[in-house]
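Student: pasted the sequence and its predicted model underneath.
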Protein chains: 4
Amino acid sequence: MKRKDEGKARDILAAALQEVQAHGLTGLSMEGVARRAGVATGTLYVYHKSKEALLDAAYSATKRHLAEAVFRDEGLPVRPAFLRMCVAYLEFLVAHRAEVAFLEQLHHSTLLSPSTRAAAESGARPLVDLLERGKRELLLKDLETPLILAFLQATLREMAKTAPKARFPQIALLCWDALRA
Amino acid sequence: MKRKDEGKARDILAAALQEVQAHGLTGLSMEGVARRAGVATGTLYVYHKSKEALLDAAYSATKRHLAEAVFRDEGLPVRPAFLRMCVAYLEFLVAHRAEVAFLEQLHHSTLLSPSTRAAAESGARPLVDLLERGKRELLLKDLETPLILAFLQATLREMAKTAPKARFPQIALLCWDALRA
Amino acid sequence: MKRKDEGKARDILAAALQEVQAHGLTGLSMEGVARRAGVATGTLYVYHKSKEALLDAAYSATKRHLAEAVFRDEGLPVRPAFLRMCVAYLEFLVAHRAEVAFLEQLHHSTLLSPSTRAAAESGARPLVDLLERGKRELLLKDLETPLILAFLQATLREMAKTAPKARFPQIALLCWDALRA
Amino acid sequence: MKRKDEGKARDILAAALQEVQAHGLTGLSMEGVARRAGVATGTLYVYHKSKEALLDAAYSATKRHLAEAVFRDEGLPVRPAFLRMCVAYLEFLVAHRAEVAFLEQLHHSTLLSPSTRAAAESGARPLVDLLERGKRELLLKDLETPLILAFLQATLREMAKTAPKARFPQIALLCWDALRA
DNA sequence: AATGAATGAGGTTTCATTCAT
DNA sequence: AATGAATGAAACCTCATTCAT
């Protein structure tokens, strides 16, 4: 049921995202989303069958957006691929604060359906594959993948808060050095 | 005259924590908290002037609980102090999953007052002091403190998910090695 | 699309008026108003953003009703205009007891916004103008206008309680004689 | 049940009066009264069996206060007695605005018991008697007593708003002239 | 498809009153 | 007598969802 107005569909998801950012998950109301998207409340139900479904969709779309920007597999060798992903992630973090905050809020919450969660997870597949390839090729330390992911996420998120864009390649290198065998 | 009951105050905070755990922040209702605490809804407002205030108080109390268990400064030298804190944190993570989940949910959310956030922050003071002492004594790498904190949090949280209690000292040592100068 | 229903808006104001009459200001509940108006509680909030706003609106509407019935300026000379207003006021008093009682209750009360009070005041403008014209033309005693208003209100209200409709012109004349120069 | 603390009993009635003045009848709460009176909420129920009873008592006490100050019968002849009462009423109106406002609010309201209303009415007995004596002695116009009362109340209330104390005797005389045969 | 008025269940909060101390 | 914590019914209001247009 999605062949109505592609632009309006996008507006609605964007509005949901901005509303969560502005009022928090608990302060989110369908009326608020509708107002921000410039449509009537009823219209929301033309595109999504419930509030939960709308949030699910917004979460998925945002995750996909992030995955497309960051986790593309471009067929590079391990090291340059790793460095590119780190830089891309840092850039995404500073360029799309609202999206990042939204994902964070939704991530901890009882609202997402398990299937959405699983689908979202799969967006990072290319990075996971890359790390495992790196371990097989003995380029990376033999640590559990979730641990590496947590380390990267924590480090990059923290660095994105203060470091200037010019230093992003350096930071990526730093991460590489921390993890290489 | 009837004095305010210390036990009841604790029950209410505990009930709030459990309700968030059970239904998520968005599914939290004052009636649910009251029922679980075994008091009337009105009683909640004797102890806290609003839902927000109740959550604030529960968050503060839980943070304090964590700080007391983990971040005590016992006057030890840097290395043993660091190792002790790591182990204590790991132990807290596995022994108080509900509390940890609750803190996580509240941490991202628009509900906490800035002052509560600030107060909560200060609980980790002893660890911050320790890290800075370590850097001054040239025992630790000269990294920004927030970065070290993020690293420790990510690593320990991840390890607590799978590692058995017996390996906690080893993990602490691993962290030390990762950070020592 | 469903347009806001003019009839429903009227029903709600009428219901508020009747509820105040039945249970007093302190006994007024939104649920009672909704039930009497034959709408859902939520509907009240489609038309008025709060209980206070609803009462404000009901007060304004009733005052306007009274003003239209009584204080019309029909371009008559002072004496016949004065007599006509007196009779019209007396007729309103007996024909719309509920409205009158409602206005009285609201008049003394902290619920009305100052702007509503001011707007309501302006309804009697034509009478005020008439009285001042009468004083300028030396037809009426040179008393302060508020004093004349208080006198008229007290007298007419009191007379309306007992006098039969047939005597209204006589009463109006009596007032005129009491005030003429 | 009133032999506890005469001062406290007075404080409670005074607090009720002030609270109505401050927040209106609808904004009146027992807790507010207790706080202002400097007692615990429970104490209110030692002196009055319900909120309604408390308001009844406060209304009665205030009416009695007014009656004692204004409607004393001092055995004077009609004219001086009338003039004295007018001046006393004017003085009460300016000296006890809070009391007057309180009485006004309660007068229109469903809260007073009929018996309280009747008792309060009887406070003005001496004035009613005086007026009837005046009519019998052919000193006053033969108007219905309630009409005279309404006229006096409206006029004096209006005059008290602006006239300086020095002019009170003049105003009293004005009223006398308006009503004398 | 789009609208937005209408719904009514459910949420938060208030408050008169009771009761243990 | 005095206290004030505790109660729980009801009040006000919000909001996801439906439905007539």
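Tutor: Structure's in. What do you need? Because the structure is predicted, anything quoted here is derived from the model rather than measured. Residues are numbered from 1 along each chain as shown, chains lettered A, B, ... in the order given.

Student: got a pLDDT number for A:E158?
Tutor: pLDDT recorded at A:E158 is 89.

Student: sorry, wrong one. I was asking about A:H108.
Tutor: 88.

Student: helices of chain A, start to end?
Tutor: A:6-23, A:30-37, A:41-47, A:51-70, A:78-95, A:97-107, A:114-121, A:125-136, A:145-162, A:168-179 (DSSP state H).

Student: contact residues of chain A facing DNA strand E?
Tutor: Residues of chain A lying close to DNA strand E (Cβ under 7 Å from any atom of the strand) are A:M1, A:K4, A:D5, A:K8, A:V39, A:A40, A:T41, A:G42, A:T43, A:Y45, A:V46, A:Y47. C-beta: built from backbone N, CA, C; applies to glycine.

Student: turn these into CSV, including neighbour count and distance to A:A58.
Tutor: Listed next are the residues of chain A next to DNA strand E as CSV, based on neighbours: other Cβ atoms under 10 Å in any protein chain shown; distance: Cβ to Cβ, whole Å:
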residue, neighbour count, distance to A:A58
A:M1, 7, 17
A:K4, 11, 17
A:D5, 14, 17
A:K8, 14, 14
A:V39, 18, 15
A:A40, 13, 19
A:T41, 13, 16
A:G42, 11, 19
A:T43, 16, 15
A:Y45, 15, 15
A:V46, 16, 16
A:Y47, 20, 11
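
Student: grab the nearest non-local neighbour of A:K51.
Tutor: A:M30 (5.8 Å; Cβ to Cβ, 6 or more residues apart in numbering or on different chains).

Student: my read: the one you found touches A:L44, true?
Tutor: Yes. Between A:M30 and A:L44 there is a contact at 5.8 Å, judged by Cβ atoms under 8 Å.

Student: among the two, which residue is more densely surrounded?
Tutor: Taking other Cβ atoms under 10 Å in any protein chain shown, A:M30 and A:L44 do not tie; A:L44 has more neighbours (22 against 17).

Student: how much space between that one and chain B?
Tutor: A:L44 sits 18 Å away from chain B, going by Cβ to the nearest Cβ, to the nearest Å.

Student: go on, A:R64?
Tutor: Taking Cβ to the nearest Cβ, one finds A:R64 at 21 Å from chain B.

Student: what's the answer for A:A150, then?
Tutor: Counting by Cβ to the nearest Cβ - A:A150 and chain B are separated by 4 Å.

Student: find the nearest non-adjacent residue to the residue in chain A positioned nearest to chain D, please.
Tutor: Chain D sits closest to A:G27 of chain A, with a gap of 28.4 Å, by Cβ to the nearest Cβ. Leaving aside its chain neighbours, A:G27 sits nearest to B:T110 (6.3 Å; criterion: Cβ to Cβ, 6+ apart).

Student: quick check, the one you found in contact with A:Q21.
Tutor: No. Contact between B:T110 and A:Q21 fails when scored by Cβ under 8 Å: they sit 9.3 Å apart.

Student: do stretch A:159-174 and chain B meet at all?
Tutor: Yes. Using Cβ under 8 Å from any Cβ of the partner chain, stretch A:159-174 reaches chain B at A:M159, A:K161, A:T162.

Student: including neighbour count, could those go into CSV?
Tutor: Output for the residues of stretch A:159-174 next to chain B, formatted as CSV (neighbours: other Cβ atoms under 10 Å in any protein chain shown):
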residue, neighbour count
A:M159, 23
A:K161, 12
A:T162, 10
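
Student: could you list the domains of chain A?
Tutor: Listed by automatic domain parsing, the domain ranges of chain A are A:1-49, A:52-179.

Student: could you tell me the end-to-end distance of the longest one?
Tutor: Across its full length, domain A:52-179 reaches 39 Å between end residues, using Cα to Cα, to the nearest Å.

Student: nearest residue to A:A81 in space, please, no chain neighbours.
Tutor: In this structure, A:A81 finds its nearest non-sequential neighbour in A:L130, 5.5 Å apart by Cβ to Cβ, 6+ apart.

Student: can you pull out the low-pLDDT segments for chain A?
Tutor: A:1-4 (pLDDT under 70).

Student: how about the residues of it that lie near chain B?
Tutor: Chain A has residues A:23-27, A:101, A:104-105, A:107-111, A:144, A:146-147, A:150-151, A:153-155, A:157-159, A:161-162, A:178 near chain B, with proximity defined as Cβ under 8 Å from any Cβ.
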